[in-house]
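> what follows is a predicted structure for the sequence shown.
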Amino acid sequence: MAITQFYATGRRKSSVARVYLRPGKGNIVINRTPVEDYFNRDSIKLILKQPLALTNALEDFDILVNVHGGGKTGQAGAVRLGIARALCEVNPENRAVLKKNGLLTRDARKVERKKYGQPGARKKFQFSKR
């Protein structure tokens, strides 16, 4: 018996999330940890469930996620993009709703690199005339 499984990758800042959707009861497991234990802020949990709420699929799938890199907020953004992309694979009609709400757009903002002769990416050392 083959288990139907849908896979997608999400990225944000330096975080990469591999998301697996399987038919189930709505359990979300991130790095072998329940979502309540992995992400402790409620705002982050809301961000994760946004694509599921828009497509009315909160209790339709079990979600397994492997995520690494970056911080918790970047990881949450990567997981959200991965879930949205996987939902498009499940049903192509979900694409219109998710795209309209901006959930299929990869946030391209990254940390700007530090330049030589400066203390940071943009900050300059204090100017001294004499």
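Yep, it's here. Numbers count the residues shown, from 1 in each chain.
> and the helix or strand V29 falls within, what does it pack onto?
Secondary-structure assignment from DSSP states H and E places V29 in strand 28-30. Applying 3 or more CB pairs under 8 Å, 6 or more residues apart in numbering; DSSP states H and E, one finds that strand 28-30 contacts helix 35-38, strand 61-68. Every residue, glycine included, has its C-beta placed from N, CA and C.
> spatially central residue for the protein, please.
A78 (2.1 Å; CA atoms, centre = their mean).
> wait, what's in contact with L64?
When contacts are counted by CB atoms under 8 Å, 6 or more residues apart in numbering, L64 touches V19, Y20, R22, V29.
> quick check, the third one in a helix?
No - judged by DSSP: H, G, I helix; E, B strand; the rest coil, R22 forms no part of a helix; its state is strand.
> quick one: contacts for it?
I3, T4, Q5, F6, F61, D62, I63, L64.
> which one in those is the model shakiest on?
Ranked by pLDDT, the contacts of R22 bottom out at I3, which scores 64.
> what about the longest helix in the protein?
helix 72-90 (DSSP state H).
> that one vs strand 61-68, what angle?
140 degrees (axes from the mean of the first three to the mean of the last three CA atoms, to 10 degrees).
> other SSEs contacting helix 72-90?
Using 3+ CB pairs under 8 Å, 6+ apart: helix 72-90 touches strand 6-12, strand 15-23, helix 42-54, strand 61-68, helix 94-100.
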